[in-house]
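Peer 1: A structural model of the following input is requested.
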Amino acid sequence: MESFERYRATYEDNWARLKIRPNRAAAAEKAAQRILAGKVRYQKVEQRTKVPWWFVGLCHLRESDLDFTKQLGQGDPLNEVSKHEPKGMGPYAGPEAFEDSCVDALKHEGFVNALDWGVARTCYRLEGYNGYGYHLHGVNSPYLYGGSTLYGPPEARAGKYIRDHDFDATFNDPQLGTVVVLRKLMELDSSIYLAGAPPAARRTEARFGVGGRRW
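Peer 2: Modelled structure (predicted):
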């Protein structure tokens, strides 16, 4: 695994400089709202792992577009043994099959009972969930920064691993990055706290919860 200290300053600097592209702001807010709709289920995972519910939701968004019939680890079906990395997980069944898959995936990553969910460490873990290979190509990971001015033309370089170990320098990932959606989540839910992050501009309705929920 790549050293946290090697990338720490980069994560902190990127967080400070991150700007959501105006044409992606509505999509980022919609994604945040969808994650909030599943907050209760993500909180069940948090209770079992101590991993923040919002982190679980962000991984769920990127791995399977918030499909609760898919495994958190790689987006393979819950009722099958996973064929993609991490392979050999599942099958899962029962009323908490999704939550069980989350626990296994987070154990696999070494995140269960982990401490420090500040800005840099959160970015490091989110990137690690997908892989640190983008640093080798001088590209900010779209898994974190897609939809922001930190990834893709005209302000930054594009590039994506279109499959395991296969990097395409010309591909501009259209998916939203987890940090971009996290910014919107912090605006909508005042319970989300990251050490080292300035207070987000809260919306009035966020103080009373979204949809009656408090992720």
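
Peer 1: can you tell me how far the residue positioned nearest the centre of the chain sits from residue 107?
Peer 2: Note on the chain: the residue nearest the mean C-alpha position is residue 58, at 3.3 Å, using CA atoms, centre = their mean. Distance of residue 58 to residue 107, given as CB to CB, to the nearest Å: 18 Å. Quick note: C-beta positions are derived from backbone N, CA and C, even for glycine.

Peer 1: Same question for residue 167.
Peer 2: Taking CB to CB, one finds residue 167 at 28 Å from residue 107.

Peer 1: all helices for the chain, in order.
Peer 2: Shown for the chain, the helices assigned by DSSP state H span residues 4-17, 25-37, 39-49, 53-64, 97-109, 119-130, 142-145, 178-188.

Peer 1: How far away from the center of its chain is the longest one?
Peer 2: Meaning helix 4-17. 16 Å (CA atoms, centre = their mean, to the nearest Å).

Peer 1: closest to residue 88 out of the helices of the chain?
Peer 2: Proximity to residue 88 (CB to CB) singles out helix 97-109 among those, at 10.2 Å.

Peer 1: With adjacent residues omitted, what lies nearest to residue 130?
Peer 2: residue 143 (4.0 Å; CB to CB, 6 or more residues apart in numbering).

Peer 1: what's around that neighbour, how many residues?
Peer 2: 26 (other CB atoms under 10 Å).

Peer 1: Hmm, it is touching residue 62, no?
Peer 2: Yes: applying CB atoms under 8 Å, one finds residue 143 in contact with residue 62, separated by 6.1 Å.

Peer 1: Report the set of residues contacting both of those two.
Peer 2: 129, 130, 178 (CB atoms under 8 Å, 6 or more residues apart in numbering).

Peer 1: Among those, which one has the most neighbours?
Peer 2: residue 178 (29 neighbours).
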